[in-house]
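>>> Provided below are the primary sequence and the corresponding predicted coordinates.
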Amino acid sequence: MITYVKIRRFRVTFAGESCKVSHKYIHQMHKKGIVLYIFMIYCVIGYGQDAVFTQYYAAPAKFNPAFTGLTQLPLVNLNYRNQWPGFQKAYVTYNIGYSQFFDGAHSGVGFSIQADNAGDGLYVTTEARGMYAYQLEPTKDIFLKLGVEVGAIANRVGGNKLLFPDDIDPITGGGGTPSEVIDPLSKTYLDIGAGVLLYNKNFYVGYAMSHLNTPNNQLLDISQNLYGGLPIRFNAQVGGQISLSQNTGAPDKFYLSPNIGWFKQSDFSQLDFDVFAGFGRFFAGLGYRQAQSNRDAVKVSVGLSEGIFKIGYSYDYTLSELTNASSGSHEISLVFNFDQSESAKRKRRNAKYRDCFGLFR
């Protein structure tokens, strides 16, 4: 039995021909207990749109470097996303990040490391980025941050997982070692991005661009004249925070936070609508994702914060044709905000942030 599994955001190229696929296709063949992967027949060079977290608030600098440095002490985030687990590790992403703001330099610094595993090792992207943001204060209550990021990205194809048509027995469906040779199996390249963030205590608006240098991430040096490099990713965000707390010293404890996010890369686009609510140490959210003209998912998230520690869980209920087979998408985040430690609160004269980022800390 052959099951065609649609996994989001992927395009593959071979010998100058673009095999365009809306949403990253991996073919899985289940025959006599053996799982065989067919990676877009004879398509061996790929580039894909970036992974986007449902809990973007738990890794804000990941989608806009201007968010770097939202706390005066270290802010550490750990993120895990398992998209469509019904397809056996079809798309799994891990991320770790750190950022911190330094008052004297009016600057935030940070870094992130991410591993993106498609097809259980079939196509793996690993990236390491350094981020910097400089903060300006045009008026007393409005802040402007300008951010940049520089990173190294490595793409790798799991050659032992590739199965080509001539390696498949037409009777048994079994296959052996692929006869085709792909060399090299990996590519490392420089990546540059930038972003801007304008905010006050009630609202924020941000805009960012990734892959500004449109790096060449092709594994094989063919069709160079036909390849324009990794497409620039554009994303815009707007949101706010409505305080529901009567205690003005703790505006980030009881709040409503509506947010809209827009992402575009090549001919793929995505629009997110989210509303979050904070109730003391608990928070919850409800959202909807639209992928171009297709309904993609309804998003539900819950979380708990205690001291420096915050944990969040979100589930994406798939609305597309994959509803019955994908098992949705799961995401877990862990955030350590050392600004929330008791010793830090005692040292800090003003424990109230003059912004709308209670959700992001």
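In hand now; what should we look at? Note that the structure is a prediction, hence the values are computed from the model and not measured. Residues are numbered from 1 along each chain as shown.
>>> hang on, isn't residue 277 packed against residue 253?
No. Here residue 277 does not reach residue 253: they are 11.3 Å apart, not a contact under Cβ atoms under 8 Å. (Each C-beta comes from the backbone N, C-alpha and C, glycine too.)
>>> what does the average pLDDT come to for stretch 306-319?
Stretch 306-319 comes out with an average pLDDT of 94.
>>> by contact count, what packs against the longest helix anywhere in the chain?
Criterion DSSP state H: the longest helix present in the chain is helix 342-347. Of the remaining helices and strands, none touches helix 342-347 by 3 or more Cβ pairs under 8 Å, 6 or more residues apart in numbering; DSSP states H and E.
>>> And the residue most central in space within the chain, how close does it get to residue 336?
In the chain, the residue lying closest to the centroid (Cα atoms, centre = their mean) is residue 52, at 2.9 Å. Using Cβ to Cβ, to the nearest Å, residue 52 is found at 23 Å from residue 336.
>>> And for residue 81?
Counting by Cβ to Cβ - residue 81 and residue 336 are separated by 19 Å.
>>> cool, and residue 157?
Counting by Cβ to Cβ - residue 157 and residue 336 are separated by 35 Å.
>>> Those two: which is more packed in?
residue 157 (22 against 17; other Cβ atoms under 10 Å).
>>> gap between that one and residue 333?
For residue 157 relative to residue 333 (Cβ to Cβ), the value is 29 Å.
>>> And for residue 154?
The gap separating residue 154 from residue 333 is 24 Å, by Cβ to Cβ.
>>> Specify which residue of these two has the higher count of neighbours.
Shown here are residue 154 and residue 333; by other Cβ under 10 Å, residue 333 has more neighbours (24 against 15).
>>> For that one, give me its contacts.
By Cβ atoms under 8 Å, 6 or more residues apart in numbering, the contact set of residue 333 is 53, 55, 58-59, 77-80, 303, 310-313.
>>> mind running it again at 7 Å?
Neighbouring residues of residue 333 by Cβ atoms under 7 Å, 6 or more residues apart in numbering: 55, 58, 77-79, 312.
>>> Let me have those residues in JSON lines, extended by secondary structure and distance to residue 110.
Listed next are the contacts of residue 333 as JSON lines, based on DSSP: H, G, I helix; E, B strand; the rest coil; distance: Cβ to Cβ, whole Å:
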{"residue": "55", "secondary structure": "coil", "distance to residue 110": "17"}
{"residue": "58", "secondary structure": "helix", "distance to residue 110": "14"}
{"residue": "77", "secondary structure": "strand", "distance to residue 110": "10"}
{"residue": "78", "secondary structure": "strand", "distance to residue 110": "14"}
{"residue": "79", "secondary structure": "strand", "distance to residue 110": "14"}
{"residue": "312", "secondary structure": "strand", "distance to residue 110": "19"}
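>>> Please convert the residues you listed to TSV, extending it with neighbour count.
Shown next, in TSV, are these (neighbours: other Cβ atoms under 10 Å):
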residue	neighbour count
55	22
58	27
77	26
78	16
79	25
312	22
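>>> Show me which of these is closest to residue 292.
Of all the contacts of residue 333, residue 55 has the smallest distance to residue 292: 22.3 Å, by Cβ to Cβ.
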